[in-house]
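Peer 1: requesting a structural model of the entry that follows:
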Amino acid sequence: MNPFLIPRRPWTRQCMLPLGARPGLGTAAGNWQRLQEAAGGLPVPGPATLGNQPRLSGDAACCRVTPRLDRPKPLVFSAMWVWALLPILLVLWGTVGFWLVYAMAVANGSVNVTVVFPYISTCGSDPPQSCIFGQVMNVGSFLVVWISYLRFQQVRDWGCPCALNTAGLVLGLLCALGASVVANFQQNNQLETHLFGVFLAFVVGIVYFWVQAALTQQVKPRHGGGWLGPARFCLCATGTALLVAMCALHGLGLKSEAAICEWALTQSLFLLFGLFAEDFRHIESCCVRLQGRAPSPALELGAASTQTLAL
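Peer 2: Sure thing, here's the model as predicted:
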(Lines give C-alpha, C1' and ligand atoms only; values in the text may rest on other atoms or scores of the structure.)
Protein backbone atom coordinates (compact mmCIF):
# COMPACT_ATOMS: atom_id res chain seq x y z
CA MET A 1 0.00 0.00 0.00
CA ASN A 2 1.17 3.53 -0.82
CA PRO A 3 0.51 6.52 1.47
CA PHE A 4 -1.71 9.43 0.51
CA LEU A 5 -0.65 12.81 1.86
CA ILE A 6 -3.52 15.17 2.69
CA PRO A 7 -2.36 18.66 1.66
CA ARG A 8 -2.63 21.74 3.84
CA ARG A 9 -1.14 24.13 1.27
CA PRO A 10 -1.56 24.70 -2.46
CA TRP A 11 -0.57 21.43 -4.08
CA THR A 12 0.32 19.71 -7.34
CA ARG A 13 -0.53 16.18 -8.47
CA GLN A 14 1.66 13.47 -9.92
CA CYS A 15 -0.28 10.41 -11.07
CA MET A 16 1.36 7.07 -11.84
CA LEU A 17 -0.10 3.92 -13.36
CA PRO A 18 1.37 0.40 -13.38
CA LEU A 19 3.00 -0.93 -16.51
CA GLY A 20 0.40 -2.64 -18.70
CA ALA A 21 -2.66 -1.25 -16.89
CA ARG A 22 -5.15 0.86 -18.86
CA PRO A 23 -6.71 3.93 -17.24
CA GLY A 24 -10.25 3.48 -16.01
CA LEU A 25 -9.95 -0.28 -15.59
CA GLY A 26 -9.13 -2.44 -12.63
CA THR A 27 -6.77 -0.96 -10.10
CA ALA A 28 -6.86 2.62 -11.34
CA ALA A 29 -10.65 2.86 -11.18
CA GLY A 30 -10.80 1.43 -7.67
CA ASN A 31 -8.00 3.66 -6.44
CA TRP A 32 -9.62 6.72 -7.99
CA GLN A 33 -12.84 6.08 -6.03
CA ARG A 34 -10.93 5.62 -2.76
CA LEU A 35 -8.82 8.71 -3.42
CA GLN A 36 -11.94 10.80 -4.02
CA GLU A 37 -13.42 9.69 -0.69
CA ALA A 38 -10.18 10.27 1.24
CA ALA A 39 -9.47 13.65 -0.32
CA GLY A 40 -12.58 15.11 1.32
CA GLY A 41 -13.78 17.14 -1.64
CA LEU A 42 -10.41 18.00 -3.18
CA PRO A 43 -10.32 17.57 -6.98
CA VAL A 44 -8.82 14.21 -7.96
CA PRO A 45 -8.29 13.23 -11.64
CA GLY A 46 -10.72 10.56 -12.68
CA PRO A 47 -10.15 7.60 -14.98
CA ALA A 48 -11.47 9.54 -17.97
CA THR A 49 -8.88 12.28 -17.58
CA LEU A 50 -5.97 9.86 -17.37
CA GLY A 51 -6.34 8.42 -20.83
CA ASN A 52 -3.67 10.60 -22.36
CA GLN A 53 -1.16 10.10 -19.53
CA PRO A 54 2.04 8.19 -20.28
CA ARG A 55 2.49 4.72 -18.83
CA LEU A 56 4.91 4.53 -15.95
CA SER A 57 6.47 1.56 -14.20
CA GLY A 58 5.38 0.68 -10.67
CA ASP A 59 3.87 -2.00 -8.50
CA ALA A 60 0.53 -0.28 -7.86
CA ALA A 61 -1.40 2.78 -8.97
CA CYS A 62 -1.35 5.81 -6.74
CA CYS A 63 -1.91 9.56 -6.79
CA ARG A 64 0.68 11.48 -4.80
CA VAL A 65 -0.21 14.97 -3.63
CA THR A 66 2.89 17.09 -3.05
CA PRO A 67 2.59 20.38 -1.12
CA ARG A 68 4.08 23.34 -2.94
CA LEU A 69 6.26 25.06 -0.33
CA ASP A 70 5.95 28.66 -1.49
CA ARG A 71 7.84 31.02 0.81
CA PRO A 72 6.14 34.33 1.55
CA LYS A 73 7.74 37.13 -0.40
CA PRO A 74 9.30 39.92 1.68
CA LEU A 75 7.71 43.35 1.63
CA VAL A 76 9.90 45.50 -0.59
CA PHE A 77 9.68 49.26 -1.04
CA SER A 78 11.45 50.13 -4.29
CA ALA A 79 10.64 53.86 -4.65
CA MET A 80 14.04 55.49 -4.20
CA TRP A 81 12.71 59.01 -3.63
CA VAL A 82 10.56 57.92 -0.67
CA TRP A 83 13.59 57.46 1.58
CA ALA A 84 15.04 60.81 0.52
CA LEU A 85 11.83 62.47 1.70
CA LEU A 86 12.31 61.36 5.32
CA PRO A 87 15.12 63.84 6.15
CA ILE A 88 13.32 66.59 4.23
CA LEU A 89 10.14 65.85 6.16
CA LEU A 90 12.04 66.13 9.45
CA VAL A 91 13.52 69.50 8.46
CA LEU A 92 10.17 70.94 7.40
CA TRP A 93 8.31 69.48 10.37
CA GLY A 94 10.76 70.75 12.97
CA THR A 95 11.33 74.19 11.44
CA VAL A 96 7.66 74.99 10.87
CA GLY A 97 6.67 73.52 14.25
CA PHE A 98 9.22 75.52 16.27
CA TRP A 99 8.42 78.83 14.62
CA LEU A 100 4.72 78.14 15.02
CA VAL A 101 5.24 77.62 18.74
CA TYR A 102 7.26 80.85 18.85
CA ALA A 103 4.49 82.77 17.07
CA MET A 104 1.83 81.44 19.44
CA ALA A 105 3.94 82.29 22.49
CA VAL A 106 4.47 85.86 21.28
CA ALA A 107 0.81 86.27 20.29
CA ASN A 108 -0.65 85.20 23.63
CA GLY A 109 1.94 87.05 25.69
CA SER A 110 3.72 84.04 27.16
CA VAL A 111 7.05 85.61 26.19
CA ASN A 112 8.05 89.23 25.75
CA VAL A 113 10.65 89.59 23.03
CA THR A 114 11.15 93.28 23.84
CA VAL A 115 12.66 92.33 27.20
CA VAL A 116 14.59 89.16 26.34
CA PHE A 117 14.68 86.84 23.35
CA PRO A 118 13.27 83.47 24.52
CA TYR A 119 14.74 80.01 24.36
CA ILE A 120 12.87 77.37 22.38
CA SER A 121 11.89 75.55 25.56
CA THR A 122 10.62 78.79 27.08
CA CYS A 123 8.27 79.29 24.16
CA GLY A 124 6.91 75.76 24.56
CA SER A 125 6.48 75.77 28.33
CA ASP A 126 2.98 77.23 28.68
CA PRO A 127 -0.27 75.98 27.15
CA PRO A 128 -1.64 75.93 24.52
CA GLN A 129 1.64 76.04 22.57
CA SER A 130 3.17 73.47 24.93
CA CYS A 131 0.87 70.82 23.43
CA ILE A 132 2.06 71.61 19.91
CA PHE A 133 5.66 71.75 21.09
CA GLY A 134 5.40 68.28 22.64
CA GLN A 135 3.80 66.82 19.52
CA VAL A 136 6.43 68.36 17.25
CA MET A 137 9.25 66.95 19.35
CA ASN A 138 7.71 63.47 19.67
CA VAL A 139 7.12 63.10 15.94
CA GLY A 140 10.59 64.50 15.29
CA SER A 141 12.18 61.96 17.64
CA PHE A 142 10.42 59.13 15.79
CA LEU A 143 11.76 60.41 12.46
CA VAL A 144 15.26 60.64 13.96
CA VAL A 145 15.07 56.99 15.05
CA TRP A 146 13.99 55.90 11.58
CA ILE A 147 16.65 58.00 9.83
CA SER A 148 19.41 56.79 12.17
CA TYR A 149 18.53 53.16 11.55
CA LEU A 150 18.37 53.62 7.77
CA ARG A 151 21.74 55.33 7.82
CA PHE A 152 23.19 52.51 9.90
CA GLN A 153 21.95 49.87 7.45
CA GLN A 154 23.15 51.84 4.45
CA VAL A 155 26.68 52.32 5.79
CA ARG A 156 26.85 48.67 6.84
CA ASP A 157 25.88 47.54 3.34
CA TRP A 158 28.67 49.70 1.95
CA GLY A 159 31.19 47.78 4.05
CA CYS A 160 32.36 50.52 6.45
CA PRO A 161 33.82 49.68 9.90
CA CYS A 162 31.03 48.22 11.98
CA ALA A 163 32.28 49.58 15.33
CA LEU A 164 32.10 53.24 14.30
CA ASN A 165 28.84 52.66 12.48
CA THR A 166 27.30 50.98 15.53
CA ALA A 167 28.47 53.86 17.71
CA GLY A 168 26.72 56.23 15.31
CA LEU A 169 23.49 54.28 15.61
CA VAL A 170 23.61 54.39 19.42
CA LEU A 171 24.31 58.13 19.39
CA GLY A 172 21.42 58.74 16.99
CA LEU A 173 19.02 56.83 19.19
CA LEU A 174 20.19 58.76 22.26
CA CYS A 175 19.63 62.02 20.39
CA ALA A 176 16.07 60.93 19.59
CA LEU A 177 15.55 59.97 23.23
CA GLY A 178 16.71 63.42 24.31
CA ALA A 179 14.21 65.10 21.98
CA SER A 180 11.42 63.00 23.44
CA VAL A 181 12.49 63.87 27.01
CA VAL A 182 12.51 67.58 26.16
CA ALA A 183 8.99 67.23 24.75
CA ASN A 184 7.48 65.44 27.73
CA PHE A 185 9.30 67.18 30.60
CA GLN A 186 8.84 70.94 30.24
CA GLN A 187 11.25 73.21 32.08
CA ASN A 188 8.48 74.64 34.31
CA ASN A 189 7.69 71.15 35.65
CA GLN A 190 10.90 69.09 35.63
CA LEU A 191 13.87 71.36 34.99
CA GLU A 192 16.59 68.79 35.76
CA THR A 193 15.06 66.13 33.53
CA HIS A 194 14.47 68.74 30.84
CA LEU A 195 18.12 69.79 30.89
CA PHE A 196 19.19 66.16 30.64
CA GLY A 197 17.09 65.83 27.49
CA VAL A 198 18.64 69.03 26.12
CA PHE A 199 22.10 67.54 26.71
CA LEU A 200 21.18 64.39 24.79
CA ALA A 201 19.56 66.31 21.95
CA PHE A 202 22.29 68.92 21.43
CA VAL A 203 25.60 67.52 22.71
CA VAL A 204 25.03 63.90 21.70
CA GLY A 205 23.46 65.08 18.46
CA ILE A 206 26.59 67.04 17.52
CA VAL A 207 28.80 64.05 18.36
CA TYR A 208 26.52 61.86 16.19
CA PHE A 209 27.08 64.08 13.17
CA TRP A 210 30.83 64.16 13.72
CA VAL A 211 30.71 60.36 13.52
CA GLN A 212 28.67 60.63 10.32
CA ALA A 213 31.22 63.06 8.89
CA ALA A 214 33.97 60.51 9.58
CA LEU A 215 31.91 57.73 8.00
CA THR A 216 31.33 59.88 4.92
CA GLN A 217 35.08 59.99 4.32
CA GLN A 218 35.37 56.20 4.66
CA VAL A 219 32.50 55.20 2.40
CA LYS A 220 33.73 53.71 -0.88
CA PRO A 221 32.38 54.56 -3.40
CA ARG A 222 31.23 57.98 -2.26
CA HIS A 223 27.68 58.93 -3.18
CA GLY A 224 26.42 62.47 -3.60
CA GLY A 225 29.56 63.95 -5.09
CA GLY A 226 32.56 65.58 -3.47
CA TRP A 227 30.57 68.40 -1.86
CA LEU A 228 28.74 66.25 0.68
CA GLY A 229 31.70 65.54 2.97
CA PRO A 230 32.91 69.16 3.23
CA ALA A 231 29.35 70.42 3.72
CA ARG A 232 28.77 67.98 6.55
CA PHE A 233 32.11 68.89 8.12
CA CYS A 234 31.40 72.65 7.94
CA LEU A 235 27.93 72.25 9.47
CA CYS A 236 29.36 70.10 12.26
CA ALA A 237 31.99 72.75 13.01
CA THR A 238 29.34 75.47 12.96
CA GLY A 239 27.10 73.49 15.30
CA THR A 240 29.97 72.85 17.69
CA ALA A 241 30.87 76.55 17.79
CA LEU A 242 27.23 77.51 18.39
CA LEU A 243 26.93 74.95 21.19
CA VAL A 244 30.03 76.29 22.96
CA ALA A 245 28.89 79.88 22.46
CA MET A 246 25.41 79.11 23.83
CA CYS A 247 26.81 77.57 27.02
CA ALA A 248 29.33 80.38 27.50
CA LEU A 249 26.81 83.16 26.93
CA HIS A 250 24.28 81.51 29.23
CA GLY A 251 26.91 81.29 31.94
CA LEU A 252 27.69 85.00 31.52
CA GLY A 253 24.03 85.90 31.92
CA LEU A 254 23.52 86.99 28.30
CA LYS A 255 20.24 85.17 27.88
CA SER A 256 19.12 86.75 24.60
CA GLU A 257 22.41 86.04 22.85
CA ALA A 258 22.43 82.47 24.21
CA ALA A 259 18.87 81.95 22.98
CA ILE A 260 19.82 83.16 19.50
CA CYS A 261 22.68 80.66 19.47
CA GLU A 262 20.24 77.92 20.51
CA TRP A 263 17.90 78.71 17.62
CA ALA A 264 20.83 78.76 15.18
CA LEU A 265 22.15 75.48 16.61
CA THR A 266 18.75 73.86 16.10
CA GLN A 267 18.67 74.95 12.47
CA SER A 268 22.19 73.59 11.98
CA LEU A 269 21.09 70.20 13.28
CA PHE A 270 18.10 70.25 10.97
CA LEU A 271 20.36 71.00 8.00
CA LEU A 272 22.65 68.12 8.98
CA PHE A 273 19.68 65.78 9.04
CA GLY A 274 18.57 67.21 5.70
CA LEU A 275 21.88 66.19 4.10
CA PHE A 276 20.85 62.56 4.56
CA ALA A 277 18.39 63.10 1.71
CA GLU A 278 21.34 62.99 -0.70
CA ASP A 279 22.56 59.74 0.86
CA PHE A 280 19.13 58.11 0.95
CA ARG A 281 18.55 59.03 -2.69
CA HIS A 282 20.83 56.14 -3.60
CA ILE A 283 18.86 53.52 -1.66
CA GLU A 284 17.37 51.21 -4.28
CA SER A 285 15.03 49.27 -2.02
CA CYS A 286 14.28 48.48 1.59
CA CYS A 287 13.28 44.93 2.52
CA VAL A 288 11.19 44.15 5.60
CA ARG A 289 11.25 40.43 6.47
CA LEU A 290 9.79 38.60 9.45
CA GLN A 291 11.38 35.23 10.21
CA GLY A 292 9.72 32.78 12.55
CA ARG A 293 11.48 30.24 14.70
CA ALA A 294 12.14 26.99 12.86
CA PRO A 295 10.15 24.05 14.29
CA SER A 296 12.03 21.25 16.00
CA PRO A 297 12.51 17.94 14.15
CA ALA A 298 10.16 16.22 16.63
CA LEU A 299 7.35 18.64 15.83
CA GLU A 300 7.93 18.22 12.09
CA LEU A 301 7.79 14.43 12.46
CA GLY A 302 4.55 14.67 14.44
CA ALA A 303 3.00 17.00 11.89
CA ALA A 304 3.99 14.70 9.05
CA SER A 305 2.50 11.64 10.77
CA THR A 306 -0.88 13.34 11.19
CA GLN A 307 -0.98 14.04 7.44
CA THR A 308 -0.40 10.44 6.33
CA LEU A 309 -3.33 8.19 5.38
CA ALA A 310 -2.67 4.63 4.25
CA LEU A 311 -4.78 3.26 1.38
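
Peer 1: which residues of the stretch 101-250 of the chain score low on pLDDT?
Peer 2: Scanning the stretch 101-250 of the chain for pLDDT under 70 picks out 160-161, 220-225.

Peer 1: quick one, helices of it?
Peer 2: Along the stretch 101-250 of the chain, counting by DSSP state H, counting those that start in this stretch, helices occupy 120-123, 129-157, 162-184, 191-199, 205-218, 228-251.

Peer 1: what helices and strands are in contact with the longest one?
Peer 2: Meaning helix 129-157. When contacts are defined as 3 or more Cβ pairs under 8 Å, 6 or more residues apart in numbering; DSSP states H and E, helix 129-157 packs onto helix 80-107, helix 162-184, helix 205-218, helix 276-280. For glycine as for every other residue, the C-beta is placed from the backbone atoms N, C-alpha and C.

Peer 1: among those, which is nearest residue 262?
Peer 2: helix 80-107 (10.6 Å; Cβ to Cβ).

Peer 1: give me the buried positions along that closest one.
Peer 2: Neighbour counts over helix 80-107 (16 or more other Cβ atoms under 10 Å) mark 83-84, 86-87, 89-91, 94-95, 97-98, 101-102, 104-105 as buried.

Peer 1: and for stretch 241-249?
Peer 2: Buried residues in stretch 241-249 (16+ other Cβ under 10 Å): 242, 243, 245, 246, 249.

Peer 1: got a list of what the third one touches?
Peer 2: Residue 245 makes contacts with 258, 261, as judged by Cβ atoms under 8 Å, 6 or more residues apart in numbering.

Peer 1: repeat the analysis, applying 6 Å as the threshold.
Peer 2: Residue 245 makes contacts with residue 261, as judged by Cβ atoms under 6 Å, 6 or more residues apart in numbering.

Peer 1: from here on, call the first residue 758.
Peer 2: Sure, I'll start numbering at 758, so the last one becomes residue 1002.

Peer 1: distance of it from residue 1015?
Peer 2: Note on residue 1002: its distance to residue 1015, by Cβ to Cβ, to the nearest Å, is 8 Å.

Peer 1: how about the helices of the stretch 858-1007 of the chain in JSON lines, adding distance to residue 1034?
Peer 2: Output for the helices of the stretch 858-1007 of the chain, formatted as JSON lines (distance: least, Cβ to Cβ, whole Å):
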{"stretch": "helix 877-880", "distance to residue 1034": "24"}
{"stretch": "helix 886-914", "distance to residue 1034": "10"}
{"stretch": "helix 919-941", "distance to residue 1034": "16"}
{"stretch": "helix 948-956", "distance to residue 1034": "26"}
{"stretch": "helix 962-975", "distance to residue 1034": "13"}
{"stretch": "helix 985-1008", "distance to residue 1034": "11"}
